[in-house]
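S.K.: model the structure of this input:
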Amino acid sequence: MSSATNAEDGSTAGFEVPDYDVDATLGCGQAFRWEPVHGGWEGVVSGRWARVEATPIGIRATCLGDPEGWDWLRRHLALDEDLAAILETFPEDPPMRAAVAACRGLRLLRQEPWECLASFICSSTKQIVQIRQIVRELAGGFGEPVVAPADRGPVHAFPGPAALASAGEAALRACRLGFRAPYLLDAAERVVDGRLDLAAIARMPTREAREALMSVEGVGPKVADCVLLFAYGRQDAFPIDVWVRRALQELYFPKARRLTPERLARFSAGHFGPYGGYAQQYLFHHVRMRAGRVGGTARAGITPEPGSGDGR
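M.R.: Numbers count the residues shown, from 1 in each chain. Below you'll find the predicted structure:
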């Protein structure tokens, strides 16, 4: 259920949603356009500036301009998802029960494929706060202006692939991309010239879709699985990065001397049920919370492995 009003500073709607943890959902490392501001979260969705805040019964959302029924935000925030039914499919083991208890209310967003792919290409070896900064600079440098409150300064939509393809590698490096710049440029050029059809990926079997994404320079299985899960909703995509690998090792294989990626993939595919991708995100966020990494702050003594960061 929702109710809406028009205020001088924008349109506001209230959504009754049980079990929705706004902070966990928007701060758990699955998306990088949302930023915490004055007790809420602000971002750009479908070309609109939006602000969301937790309420006792759900969420209050604000945008400028005509919200056109708010379906764009409902879909992005997965407000129609039956979280209780999803959680019931998780395995009944102590690690999973602990993750659900710590993170209950975390939802998987439904992201736009191009922005999701580009953002995760930018995420390698970076902390979440740094990834947000890169994404913000890309939007500010190459994205279209978005109507936002005057005190927020200029706000821009995430740039499309054509804008980034024409920018060139040097301009992308200037947005703090570093060695990731040619990877993002390659992805943009492939989408523009049709070698990578993001709409067609939605219709492909997961294995074929993963291979298509990995045709982009610098995109490996982890980034491909993040895009498949967070943009396409593929629950059989189970991104295994340093944090998830650490969780699986400590919680499920504490005595194993060496765990191969193949063994972890087989275990993950068989153990976590039909919503394995969802279960993965609960484990990911839980292990980061335990390690003191939520919000991009590392606990003393915890050092990411090479090729990892606070993000994915």
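S.K.: elements contacting the helix or strand hosting residue 41?
M.R.: In this structure, residue 41 sits in strand 40-45 according to DSSP states H and E. Helices and strands touching strand 40-45, by 3 or more Cβ pairs under 8 Å, 6 or more residues apart in numbering; DSSP states H and E, are helix 22-27, strand 35-37, strand 48-55, helix 71-77. From N, CA and C alone the C-beta is placed, and that goes for glycine too.
S.K.: out of these, the one nearest residue 264 is which?
M.R.: Evaluated over those, closeness to residue 264 peaks at helix 22-27, with 24.3 Å, by Cβ to Cβ.
S.K.: contacts for that closest one next, please.
M.R.: 34, 36, 40-41, 43, 52-54, 59, 77, 103, 105-107, 109, 128, 285, 294-295 (Cβ atoms under 8 Å, 6 or more residues apart in numbering).
S.K.: what about 6 Å?
M.R.: 34, 41, 54, 103, 105, 106, 107 (Cβ atoms under 6 Å, 6 or more residues apart in numbering).
S.K.: and stretch 149-160, by the same measure?
M.R.: By Cβ under 6 Å, 6+ apart, stretch 149-160 touches 44, 47, 49, 115, 139, 140, 142, 143, 144, 145, 146, 148.
S.K.: quick one: mean pLDDT over that stretch.
M.R.: The average pLDDT for stretch 149-160 rounds to 94.
S.K.: what ranges of the protein fall below the confidence cut-off?
M.R.: 1-9, 293-312 (pLDDT under 70).
S.K.: before we move on, back to that, take the contacts of helix 22-27 and write them to TSV, including neighbour count and distance to residue 271.
M.R.: Listed next are the contacts of helix 22-27 as TSV, based on neighbours: other Cβ atoms under 10 Å; distance: Cβ to Cβ, whole Å:
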residue	neighbour count	distance to residue 271
34	23	30
41	21	32
54	17	32
103	19	18
105	16	23
106	27	19
107	23	22
